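Asker: Build the 3D model from these lines:
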Amino acid sequence: MRLILVVCALSSAWVVDAQLLRYEGKIHFGTDGHDQQPHSKILLGSDGHDQKPHGQKLLGVDGHDQRLHSQALLGGDGHDQRQHSQALLGADGHDLRSHGQKHFGVDGHDQQPHGQVLLGGDGHDQQPHGQKVGNGPRELSHTHMFKGFMKKYNKAYNSQSEFKKRFSIFRQNLKKIHILQQSERGTAKYGPTKFSDLTEHEFRRMLGLRPDLKPTLSQMEPAEIPSEEIPSSFDWRDHGIVTPVKNQGMCGSCWAFSVTGNVEGQWALKHKHLYSLSEQELVDCDKTDEGCNGGMPENAYEAIAKLGGLETENDYPYEAKDDQCHFNETKVKVTVNGSVELPQNEDDLARWLVKHGPISIGINANALQFYVGGVSHPLRFLCNPKSLDHGMLIVGYGVHTTKYLHRRQPYWIVKNSWGPDWGEQGYYRVYRGDGTCGVNQMATSAIVP
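Answerer: So this is what the prediction gives:
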C-alpha cells in the first residue's frame, strides 16, 4: 500500500492523497474504479491513467509511473527510493515496525489482516473488488456530520455554491482531524469545532502573533525566578484574578488579548481589584504593532507605558476591526512601567506563575483549530515549537493520570480568546515539560507599579 501524506509544520499545509496501491503485481487506483477490470484491457480511470501508452509520462498525481517499474520509482513519499526487500518508510511511518505486529498508521492500513485487501485513505478497498467501489456511504456520513455541525454552531450560508464550498472544506478538515487524533500522544480529542468550515488561510486570520515584529533591541528585563517549593497543581482562576474568556473574532489580535490577560492578573494580584481591560485600545493605538494584522506582546507592554495606561473594556469596547485611536487618558484604570522575559525552563515558569500570576505566551496553533478537550500532546512535526503564531495566557498547571495505564500527563492550563464555545470552556490544556508546540518559547509579563 502507498499512502501519500505530506504534512508541512511550518505552513501547516496538509495534503492527503491515496492514489496508488501496488499489490501482488497489480496497480490499483483510488475511488475511480481503475482496477475493477483486469489490466489486460486498457481502462479509462477518471484520472486518465491509461489514456496514453505506458511509454509516455502517465498521470498518477505523484509521478509514480514516470519510469519503468524495473527501476526504483519516486512516489511523493519516497516509498520506492529503496529496494522493496527492505522495510520502507511511507509518510505515515507504516513500516517503522515489522509487519509481524498489528500497526496503525494514520491511514488505518493495518486495521484488517494483511490477507485481506486493506484500507487506503480514500476508502478504495472498503468493498470487494468485484463490486463497483464508490463514496456513497462516506458521502452520506459526511453530509450528516456537516448538517449537524451547521446546527450546533448556527451556521448559515448565503447560496448553494457557498454551501458546497464550505462542505468541501469541512471534508478536507476531517482528514486533518483524523491525522491529529491518530498521532496524538496525550488524551486530547480532536473533532469538528466552529472553525471546521474554514480554510487554513481563513483560520490563520484568527491568530496574529507576529515574531517578525519583535524589536531588534529588547527592552525586557530577565525575570527573577522564585526558589520556593510549589504545589503539584495550581490555578489562578480559583483566586479571582482571571477575567471570563473573551472572543477576538475574525481579527488577528490574539497578542492584545494575551497582554490584557496578563496585565489584568498582575494588577489584580497587586492591587486586589480585577478589571477587564481594553484590547481595542491596543488594536487602535499601538502603532508599533499592526492591529488585526498581528503584533507582539513585547511591543504592547511598551505601548501601554507610552500611552499612559489601559482603559477598561466598557470604556473602550472591542470591535474586532481596526479603527482610529480614541484613547482617553482620564479613563485609565491600569498602568504598566516595564516588562520581563521568562526562561524556557518549564519548572521555572511554574514557580514564577505561582508567585506572580498568569503568563503571556506564544504558541504554535496548528492543533487548536480542531481541539475539543483533553491534554494535547501532538507530534513535534505536526506542531513545530519554533513556529509561533498565536498569543495565549497560561493561568495554571496540573497533572492528569490516565484511567487504564495510569500514565502521568503534566499540563498547562491556557486561556484562549476564541470564546467559551471553543475547547474546554475556552481553555486549552497542553502537555507540560517538553516544550510542546513552543509553549515555553515566548513567555513574558508586564511589570505593574
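
Asker: May I see the domains of the chain written out as residue ranges?
Answerer: The chain breaks down into these domains under automatic domain parsing: 1-124, 138-184, 200-446.

Asker: How far does the last one stretch from one end to the other?
Answerer: For domain 200-446, the first-to-last residue distance is 32 Å (Cα to Cα, to the nearest Å).

Asker: what is the rounded mean pLDDT of that domain?
Answerer: Averaged over domain 200-446, pLDDT sits at 96.

Asker: Same question for the first one.
Answerer: Predicted confidence along domain 1-124 averages 42 (mean pLDDT).

Asker: Which elements pack onto the strand or helix carrying Leu349?
Answerer: Element membership for Leu349, per DSSP states H and E: helix 346-356. If you count contacts as 3 or more Cβ pairs under 8 Å, 6 or more residues apart in numbering; DSSP states H and E, helix 346-356 packs onto strand 234-235, strand 359-363, strand 390-401. Using the backbone N, CA and C atoms, a C-beta is placed for each residue, glycine as well.

Asker: Touching the first one from outside, list them.
Answerer: Meaning strand 234-235. Ala350, Leu353, Val354, Val395, Gly396, Tyr397, Gly398, Ile413 (Cβ atoms under 8 Å, 6 or more residues apart in numbering).

Asker: what number of residues lie near the fourth one?
Answerer: Here the count is done by other Cβ atoms under 10 Å, and Val395 has 25 residues near it.

Asker: residues contacting it?
Answerer: Val395 is in contact with Asp235, Trp236, Arg237, Val242, Gly261, Gly265, Pro358, Ile413, Val414, Lys415, Tyr427, counting by Cβ under 8 Å, 6+ apart.

Asker: Ok, the fifth one next?
Answerer: Residues counted as contacts of Gly396 (Cβ under 8 Å, 6+ apart) are Ser233, Phe234, Asp235, Trp236, Arg237, Leu353, Trp412, Ile413.

Asker: Next one: the spatially closest residue to it that is not a sequence neighbour from Glu228, what distance?
Answerer: In space, and not counting its chain neighbours, Gly396 is closest to Asp235: 3.5 Å by Cβ to Cβ, 6 or more residues apart in numbering. Distance, Asp235 to Glu228, using Cβ to Cβ, to the nearest Å: 18 Å.

Asker: From Tyr157, how far out is Phe149?
Answerer: Phe149 is 12 Å from Tyr157, where distance means Cβ to Cβ.

Asker: And the two? Which one has more around it.
Answerer: Phe149 (19 against 14).

Asker: Pull out the buried positions in the strand or helix carrying that one.
Answerer: If you go by DSSP H and E, Phe149 is part of helix 136-152. Residues of helix 136-152 classed as buried by neighbour count (16 or more other Cβ atoms under 10 Å): His142, Met145, Phe146, Phe149, Met150.

Asker: can you check stretch 378-389 too?
Answerer: Those would be Pro378, Leu379, Leu382, Cys383, Asn384, Pro385, Ser387, Leu388, Asp389, for stretch 378-389 by 16+ other Cβ under 10 Å.

Asker: mind saving the C-alpha coords of it as PDB?
Answerer: The C-alpha coordinates for stretch 378-389 follow below in PDB (Å, rounded to 0.1, in the frame of the first residue of the first chain):
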ATOM      1  CA  PRO A 378       0.800  16.400  19.200                       C
ATOM      2  CA  LEU A 379       3.900  15.000  17.500                       C
ATOM      3  CA  ARG A 380       6.600  17.600  17.100                       C
ATOM      4  CA  PHE A 381       6.500  17.600  13.300                       C
ATOM      5  CA  LEU A 382       2.700  18.400  13.500                       C
ATOM      6  CA  CYS A 383       3.300  21.400  15.800                       C
ATOM      7  CA  ASN A 384       6.700  23.000  15.300                       C
ATOM      8  CA  PRO A 385       7.800  24.600  18.500                       C
ATOM      9  CA  LYS A 386       9.800  27.200  16.500                       C
ATOM     10  CA  SER A 387       6.800  28.400  14.500                       C
ATOM     11  CA  LEU A 388       4.900  30.500  17.000                       C
ATOM     12  CA  ASP A 389       1.700  32.200  15.500                       C
END
